[in-house]
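Asks: no sequence on hand, only this structure:
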């Protein structure tokens, strides 16, 4: 079940880029400009710029974390600390969810359903959000892949034909009050951070094109373009605009002939907002599962509590005010900025510790061999270098494999310690060579194709088992070579590159899946 | 549980339930119960707002296709504009919708009052579009809305056409609600709005015999039979920093206009210092203010196509103009524009109202530590420039 969490949240970098472009814009252009204008002396551009820079830096941290499969490392090495940090992130996400949900509902009611009681809008919005989040990340990414083209076709149309009386000089002066006001003001908008924090919980598969390196900057450039357009068009009166994104199409070249085109802003905004809320909700569910184990129970209890909390406030404005209070904002800053940094740092330390443990165990093996005087160093090095070559070949393709491999290495330590006894048992060596043959067959079934996530998971497991066994065999055989050259010949199994047999592997994976 | 939730029929049922739920509890008003407001008039009488609305109500045989639009004007007085609108809605028994209202006609008194907050409440509570254009009048806004004009069934349609199609009528000031708010929350807190003047046309005017269907109603009285012509060449200056709004004449209004928006299209007539008159088709007019500590450089850059030239009262053929003549015309035009610029600034100094919004430029340049000095406009050195380029027509 625990491994499933990592496997089911595996997406391609292209999908992640699309999901980011569909979800990470809305919050910063919906209620934030109005909030900044009212509370931070009209320093909309500067505060938004700071938030975008913080988000980009945080995403670098998040990317490094998911690239090194930090969640898995920490789950093995520091589960308690991981849980503590994830709990802070969960709190921050819940606060963000309340802020985003209440501001969205306020906007929907004031723009579209004025005569509808708020509880109807809340219930109608909670149901799809919870449902999409429940369906999981794959459903979210697929939705994003479809909606991405609709959202951006309309957005580009709106931007290309934007026509309003605007003055770029209205952005100036950037700093309209003391730095302390700017700092405290920026601290108060923590609930609008963390648009990318949910992606701490994913594992990433790569395609050649650097989608994230292109997508993430485009996302934040687009946010800043919308903010600049908003400020240049509305100046200090930007607070009259509830949602910059949906107000852009009002000032359209065709508005004289086609009428007010606000619906052209509302359609993509609604898609984006729904995905954004669903991603937040999904992240809350995932963290809940990691913390409390029982996913379904957590989803039901949390969703009901969320709904009741939203309905229990007399007005949505009160919910919004509560979610944006100073203490809530500080939790958000800690959760969305410090927690990813802490997680990365912890993951790096854990990984280093793990590597150090591996090295020390390897050294102890060498010492044992030296004491016995039967394993020349050079041959051991050869075997090690072979293992390293295999590792290096596999590393860039499958980051997850490293973790699995290290697990297996640890498991294999015990048999390695038995080597001196094994050398005195020729029958056992024969058995080893049989195993090696089996490994050959298994290694020959390695699928190189990366397009099948599940298959790759299975493949990585097979590879790791093979590698672990191969290295073990190699060591044994290299030691054996000092006494028997025929046995040394068996060590070729480590070096020979195996043929690819994709179909068999796929079948095996399916069969195993069915059996399980 | 998972299987049930994953089932397609469950999703469809859920979607249907949501739609049915919303449909059941949401009271949707029919279009027949809605009065679409296309023009709004605001006046102040004894500290109360006298609000008039011009509504569009489709009447006639809808099935037969013979629908003739009728424009009715209704009024109400209340302490707030929203209150007056609510009263009108109750009188009519219809739900008022301001989402198609593109013209706001406000009296001088209304503009001198706290109209900023009233307009904001219209945006928040009545869905007033930010593209709606504001017009000032010295007459009663109610009369303006009721007035018949030769070219259009409704006065507001005419105003909407003239003030929003900036490419054809670029010399007119078009102050949208959005621009009004930008000005209101700037440093200078001054706006310039087109001033509407009504002139009654003689009774024998051909279009005076227009159809009754196009006439205004709602107790229009005598005004329903009269035909008016509107002019919008002057500007009214108003704002929070203006104690009493005042009018500036046409040439100064045009100069000021050049600094508000980049103007493309339209026509302009300039009288030169020696009395010659030149008529230009405008390609582009752009006014820029450059500020330093105690000095302002105002520059108008314009691209014109020469259409007519009357030298000292005598029309001159454009084909016979030499390059030297053209250069002379350009120089004279530049001189005339520089003179107008200086006169406009003098007007600003006289009223002690910064309608060039120099204060905003100073703030933008020198930042938050800049403070408006005493006698700001009086002590300011004003330098005027003009760069005219003549294009071949």
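Replies: Great, that's in hand. This one's a predicted model, so the numbers in the text were calculated from it and none came from an experiment.
Asks: list phi and psi for residue 260.
Replies: Just so you know, I chose chain A. Dihedral pair for residue A:260: phi -70, psi 130, per degrees, to the nearest 10.
Asks: chain B is the one I meant
Replies: The phi/psi pair for residue B:260 (degrees, to the nearest 10) is phi -80, psi -50.
Asks: and for residue B:288?
Replies: phi -130, psi 140.
Asks: if I look at it, how far off is residue B:349?
Replies: From residue B:288 across to residue B:349, the span is 20 Å (Cβ to Cβ, to the nearest Å). For the C-beta atoms, the positions are set from N, CA and C on the backbone; glycine is no exception.
Asks: now do residue B:91
Replies: Residue B:91 sits 48 Å away from residue B:349, taking Cβ to Cβ as the criterion.
Asks: who has more neighbours, these two?
Replies: residue B:349 (17 against 11; other Cβ atoms under 10 Å in any protein chain shown).
Asks: leaving aside the residues next to it on the chain, what's closest to the more buried one?
Replies: residue B:377 (4.8 Å; Cβ to Cβ, 6 or more residues apart in numbering or on different chains).
Asks: show the backbone phi and psi for that neighbour.
Replies: With angles defined as degrees, to the nearest 10, residue B:377 sits at phi -70, psi -30.
Asks: do the same with residue A:283
Replies: Here residue A:283 shows phi and psi, under degrees, to the nearest 10, equal to phi -60, psi -40.
Asks: give me the distance between it and residue A:55.
Replies: Counting by Cβ to Cβ - residue A:283 and residue A:55 are separated by 15 Å.
Asks: kindly report the same for residue B:133.
Replies: 39 Å.
Asks: where does pLDDT dip in the stretch 1-150 of chain A?
Replies: The stretch 1-150 of chain A contains residues with pLDDT under 70 at A:1-6.
Asks: low-confidence regions, the chain specifically.
Replies: Picked chain A for this. Chain A contains residues with pLDDT under 70 at A:1-6, A:370-516.
Asks: correction: the question concerned chain B.
Replies: Using pLDDT under 70, the flagged stretches of chain B are B:1-7, B:22-31, B:58-69, B:165-170, B:204-225, B:262-263, B:393.
Asks: where do the helices sit along it?
Replies: Along chain B, the stretches classed as helices by DSSP state H are B:2-6, B:8-25, B:81-92, B:108-112, B:115-126, B:141-146, B:155-164, B:177-184, B:250-260, B:323-351, B:358-366.
Asks: tell me which of these sits most buried.
Replies: Comparing the helices of chain B by mean neighbour count (mean count of other Cβ atoms under 10 Å in any protein chain shown), helix B:141-146 ranks first with a mean of 26.
Asks: now the residue of the stretch 201-350 of chain B found nearest chain A: how far from residue A:53?
Replies: Of all residues in the stretch 201-350 of chain B, residue B:261 sits closest to chain A, at 5.0 Å by Cβ to the nearest Cβ. Going from residue B:261 to residue A:53 by Cβ to Cβ gives 34 Å.
Asks: what about residue A:149, distance to residue A:156?
Replies: 11 Å.
Asks: sorry, wrong one. I was asking about residue B:32.
Replies: Distance from residue B:32 to residue A:156, by Cβ to Cβ: 38 Å.
Asks: next: residue B:344.
Replies: From residue B:344 over to residue A:156 (counting by Cβ to Cβ), the distance is 41 Å.
Asks: show me what from the stretch 101-250 of chain B comes close to chain A.
Replies: When proximity is defined as Cβ under 8 Å from any Cβ of the partner chain, the stretch 101-250 of chain B approaches chain A at B:120, B:123-124, B:129-131, B:164-165, B:176, B:178-179, B:181-182, B:184-186.
Asks: OK, contacts around residue 312?
Replies: Just so you know, I chose chain A. Residue A:312 sits next to no residue when contact means Cβ atoms under 8 Å, 6 or more residues apart in numbering or on different chains.
Asks: my bad, chain B
Replies: Under the criterion of Cβ under 8 Å, 6+ apart, the neighbours of residue B:312 are B:274-276.
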